Each structure stands twice: as C-alpha cells, then as structure tokens.
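*Asks:* Show me the folded form of this:
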Amino acid sequence: MAKRRAYVVFLLLLALLAAAGYSITQVSGGAEYVDAAGRQSVYKLEVAKARGAIYDCNLAPLTGSFQRQVAAVAPGIEAIGALEKATGGRYRERLALALEDGKPFSMVLPYTVQHDCVDLFSVPVRYGKNQLAPHVVGYLDSMGFGAAGVELAMDDVLSSYAGEISVYYHVDALGRVIAGADRLVIDTMEEAQGGVALTLDSALQERVQAAAQELEQGAVVVTEVPDCEIRALASVPDYSPENMAQATEAEGSPLLNRAFCAYAPGSVFKVAAAAALLEAGGAPQAFTCTGSINAGGLLFHCIDGTAHGQVGLQGAIEKSCNCYFISAARALGGQQVLSMAYNLGFGSEQEFGRGLHTQPGSLPEGKALENVRALGNFAFGQGELTATPLQVCAMMNCVASGGVYSTPKLITGLVDGERNLTPFSPVTDRQVEVMRPSTARTLQAYLKSAAQNGTGRPGAAEGLTVGIKTGTAQTGVYRDGEELLHFWYSGFICDSTGPRYCVTVFRESTPDDGGAAARVFKQVTEDIAALYWGEKEASPEA
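*Replies:* Just a heads-up that it's a prediction; the model follows:
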C-alpha cells in the first residue's frame, strides 16, 4: 500500500513539473526558458499527519475523534488580506512575516476563509481536552512515536497505518510560490483508520471517569463477567495528553496509573481467604468475636475494637470481622490461603504489551506464614500483601463467574484500513477453575448479604442487586498525626440472569474517606444499570 501510494505521488509530481515546464515554455523562450526551468522546484507543505486509531469495543474512536480546521496558504497580498480580514487582525504580525517570506505555510484557523490561494482542511486532533482513558491510551513522544500506554504497546501497528495531508507548490529558487502555478493536494488520511480496538466501552468510560473524580487519588475498574474484559478504567488525578508539560509538573502524580499499582488491600482480601476456607471445608460455623484476638503475642483488633459476638463465615463477611478470619486462617494453615491468592492472580504481573503492564503486587512466602503474626496480618489483607485494583477486580470477577478465573483483557483485536476487526488473543490469557461453582455461589450470596445488611450497605443502590466487600487498609504512614488509610469497595452488579459486571473502587492515602468510595461505587453501578439495561430494567435479580 505504501509503495503504491509513493509511486502515485511520484507520477503526480512528474505531471505537475511537466505542466509547470510547459507553462514556462509558453511564456519564455530560448535561454530564458532554460534558466527558469533550472531554478524552479516543488515545495512540499505538510498540513497534517496521523497514525492508526485506537478504538473502543464498539469501534468508536478513542483518538482522533475531534477535528480542527487547518489552512494551507500560498502567500500573496490578496490571500493574506483575506486571512487578515477573517481573523480580525488577530494574526497580523505572523501574516505580515509570511507575506514577506513568500513560502507556503499552514495555520490552525477557527474561521472560514474563501480564497483561491487558501486551501482549508478538517484534520483530526489526536487527543481531546477531556480525553477518555488517558492512562490506558497513553501519549506520544516529540517524534510522534508511542511513549506510554497503548500508544507504546501497539506502536508498530499504529505506526503502520499512517496518513497525511500535504500540498505541493511550484516555487522559485528562493522558495517563493510561483504565482498562477497549479498545486497538488495529497490526502491519505483515510489510511489512518486502521489500528487497535480495546475492550473499553467509551460510553461507560466517560461515566466512570466522571464519577472517579470524587476520589481525588485512586482508581475505578469495571470488568464484564465472565471473561474479565475491562470495560472501564479510570485513575485519578488524570491528565490531558495534549498538555504533557502540565501533567509532569502537577501535584498528585497524574501520570501514574493507580489501577495498575499495588497497595495494601485490607479486608477486600477476605474474599480470597473465605474461598480457601470453603474449598477446604474448614469455615467455622460459630466463632465468638470479642473485638480482639491474640496471635503470637500481638493483639489484633476488629475495626474500632467492635465486638461482633457470635458469627459464622457469612456474618464475618457482613461485618468484616478480622478476628474471625485470623482464627480461621490459623486453623486452616497459611499455605491454602496463599495458594488461593496465587490462583486468583495475586503476586503476578499482567502484561498487555510493550511497556503496558501492571505491578505484580506481593505475596508473603509460605515459610513466613508459619509465623502466627504474619499469618494474622495476611488473613485480613495486611502485612506483606499488596495488590492492584485490577487484581482485586479480577478476584471478584472469578467469584461472579462461578469460580473460573480469567486473565483481565484490555485489547480486543486489530482493525484494518477498512475497519474490519481481527480478534486478538494475548499469550498470557488463561481461564482456570480455581474454586468449585458451589463455593462461588456461596460467596455471591454472602456478598449480597454484606451489601444489604453489612459494611457494604452505604454503596448499595436502591433497586439493584449487588454484592459488596469493603476494605480499609492501614499504611503505617502518618500525616499531621493521623494515619493515612486506603479505602476499598469491590463487588458485582446483577441483572436478571446473575452477576454481569464487577466494580472495584480504590481511594488512596487519606485519613478519612468520608464515604467517597461508597458513593462512587453506588454511582458506577447505577450508571451500568442505566446504560446497559435502562432504568426500568434495573430491577433486582430474579
């Protein structure tokens, strides 16, 4: 395709030069013709360049969806005068210099100008002011190559679908446009329609991105059950790829994709511990929580020292009882909980392409869990354990899909120049049953109960069936005498057939969440129901 295009352009340029030579012959003769022909040349003005597009799962563009008007100008007194009038003198100095220089130039023009020496083009802008999924899409370097995100991971594919708009002018030896000479426009922007399709749904992404702003620092991930396609991913604070200088200097590290970074998960990890207990048949049916428990000489507490009284596994999930899980993990042994965590993707990096990968997080060594204190911390998501919001969402996706763990997916396939999609199968993709369907169903029921009667109730939207596990993780970092905590909400939302989407909300390093994580979870589940099922269909699971 590229060779054929270059050949066509070459032939057109030859024709253009031949036409110019013929016109000179008509005006001049003998030595004058030879001198003029020797001094003339063709000047290429590059108006716009584009590379392959990044699409969402419905082939709606995530890049290049905004347009701006660019003028290609052959400077002359009349053309410059028309531009001066149309812009109200806004670019007077620049236009005066262009007229003096005499060389063709281009400029972004917010106004329409009609003149024979001015060509107007509507060209795509790579990124918009309110760019969707900037942490996934990424950005380009100064040379126009991918520097981060999908732009880097799929740079070879995106670079192969190049398009441009160029105008060729006849110029004299000084580069000035020859008055009255023809010009040639080459427009191959349609070839930049090929590219990459992601699993994101731009309609949901827009809503999730808006809801996530309340977190100030954190992330939201939405996956679709059962295959764990990432339908939305937002990290805050976010940034605009069109203003990288501002992004690099802003507070809060906006370039950091917090959905891919590892943090202490706290009590959301109790879902993995509960799965290990159910698989082993070792979940205590009755445990008396006094608000604290001694493990290896260290006193562990439930949140605020609350004594939950007699609880079984369901009650321990509803109330997020630390003491229950510490006692149960000691009876079961750390290795089985560790194995379940590993099978659920904890401690493993997820790679989506070159330069686009998650942190692996960390799991304690099996030997370390022989220490009762270390096991106690591990049982409720503290100690050496760290996990990314994406890993937590994938864990919940496994429970919601009946016990089958699926590797999170971000890239749907490759799109050719005719916008035909070829599915893409990542090398790291795996699907494996890590818990019995009966275990998953039990956990689904307990998580629904936690949303109705337990710690997840503030995030449960009225009229929707959801399952929720909350978490508050200690960081050991203090600011103004107060410990900074991580706040988590992770769960699923059901339609009439069962769990359909999983949502994980993470708020980073704040002494008091103020209910923000709950409100964001609630808003996102309401958005999912309204977007995919309509308000009338957003009714409890049948």
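*Asks:* which SS state does the nearest residue to residue 349 once chain neighbours are set aside fall under?
*Replies:* Leaving aside its chain neighbours, residue 349 sits nearest to residue 360 (4.1 Å; criterion: CB to CB, 6 or more residues apart in numbering). In short, each C-beta sits where N, CA and C put it, glycine included. The assignment at residue 360 comes out as coil when based on DSSP: H, G, I helix; E, B strand; the rest coil.
*Asks:* now do the one 5 residues further on
*Replies:* Judged by three-state DSSP, the three-state class of residue 365 is coil.
*Asks:* and it, how many residues sit next to it?
*Replies:* By other CB atoms under 10 Å, the residues close to residue 365 number 11.
*Asks:* ok, now the one 5 residues further on?
*Replies:* For residue 370, the number of neighbouring residues by other CB under 10 Å comes to 12.
*Asks:* and what of residue 299?
*Replies:* By other CB under 10 Å, neighbour count at residue 299 equals 9.
*Asks:* Does it touch residue 293 like I think?
*Replies:* Yes: between residue 299 and residue 293 there is a contact at 7.4 Å, judged by CB atoms under 8 Å.
*Asks:* so where is this structure shaky, pLDDT-wise?
*Replies:* For the chain, the stretches with pLDDT under 70 are 1-40, 427, 535-542.
*Asks:* can you pull out the helices in the stretch 251-400 of the chain?
*Replies:* 270-280, 313-319, 322-332, 334-343, 372-379, 389-400 (DSSP state H, counting those that start in this stretch).
*Asks:* quick one, which of those helices is nearest to residue 154?
*Replies:* With CB to CB as the criterion, residue 154 lies closest to helix 389-400 of the helices of the stretch 251-400 of the chain, at 18.8 Å.
*Asks:* roughly how far out does the closest one sit from the chain middle?
*Replies:* 17 Å (CA atoms, centre = their mean, to the nearest Å).
*Asks:* re the thing from before, was I right about the residue nearest to residue 349 contacting residue 351?
*Replies:* No: with contact defined as CB under 8 Å, residue 360 does not count as touching residue 351 (10.2 Å).
*Asks:* So if I had to pick from these two, which one is more boxed in?
*Replies:* residue 360 (17 against 14).
*Asks:* For that one, list the residues it contacts.
*Replies:* Neighbouring residues of residue 360 by CB atoms under 8 Å, 6 or more residues apart in numbering: 262, 347, 348, 349.
*Asks:* Separate out the buried members of these.
*Replies:* Using 16 or more other CB atoms under 10 Å as the burial test, those include 262, 347, 348 as buried.
*Asks:* Kindly state the domain boundaries assigned to the protein.
*Replies:* 2-198, 202-280+307-537 (automatic domain parsing).
*Asks:* can you pull out the helices in the stretch 1-150 of the chain?
*Replies:* Under DSSP H, counting those that start in this stretch, the stretch 1-150 of the chain gives helices at 2-27, 31-39, 77-86, 92-101, 134-137, 149-153.
*Asks:* rewinding a little: and the furthest pair within the contacts of residue 360?
*Replies:* Most distant of the contacts of residue 360, by CB to CB, are 262 and 348, 11.2 Å apart.
*Asks:* any residues in contact with both of those two?
*Replies:* 360, 361.
*Asks:* now could you export just the CA positions of the host helix or strand of residue 211 as CSV?
*Replies:* Using DSSP states H and E, residue 211 maps to helix 202-212. Only the C-alpha atoms of helix 202-212 are listed here, as CSV (Å, rounded to 0.1, in the frame of the first residue of the first chain):
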residue,chain,number,x,y,z
SER,A,202,-16.4,4.7,25.8
ALA,A,203,-20.0,5.4,27.0
LEU,A,204,-19.3,3.7,30.3
GLN,A,205,-15.7,5.0,30.5
GLU,A,206,-17.0,8.6,30.3
ARG,A,207,-19.4,8.0,33.2
VAL,A,208,-16.8,6.1,35.3
GLN,A,209,-14.2,8.8,34.7
ALA,A,210,-16.6,11.5,35.9
ALA,A,211,-17.6,9.5,39.0
ALA,A,212,-14.0,8.8,39.9
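*Asks:* Let's see the helix or strand following it as CSV, backbone CA atoms only.
*Replies:* Using DSSP H and E, the helix or strand that directly follows helix 202-212 along the chain is strand 218-224. These are the backbone C-alpha positions of strand 218-224, laid out as CSV (Å, rounded to 0.1, in the frame of the first residue of the first chain):
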residue,chain,number,x,y,z
GLY,A,218,-7.5,6.5,43.5
ALA,A,219,-8.9,4.3,40.7
VAL,A,220,-12.0,2.6,39.4
VAL,A,221,-12.1,-0.6,37.4
VAL,A,222,-15.1,-2.3,35.7
THR,A,223,-14.9,-5.7,34.2
GLU,A,224,-17.6,-7.7,32.4
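*Asks:* tilt between strand 218-224 and helix 202-212?
*Replies:* 150 degrees (axes from the mean of the first three to the mean of the last three CA atoms, to 10 degrees).
*Asks:* And for strand 218-224, what's in contact with it?
*Replies:* 199, 204, 208, 211-212, 229-236, 257-259, 389-390, 392-394, 397, 408, 500-508, 517, 520, 524, 528.
*Asks:* Could I have the buried ones of those as ChimeraX selection syntax?
*Replies:* To isolate the buried subset of the contacts of strand 218-224 in ChimeraX, counting by 16+ other CB under 10 Å, use the following:
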select :199,204,208,211,212,229,230,231,232,233,234,235,236,257,258,259,389,390,392,393,394,397,408,500,501,502,503,504,505,506,507,508,517,520,524,528
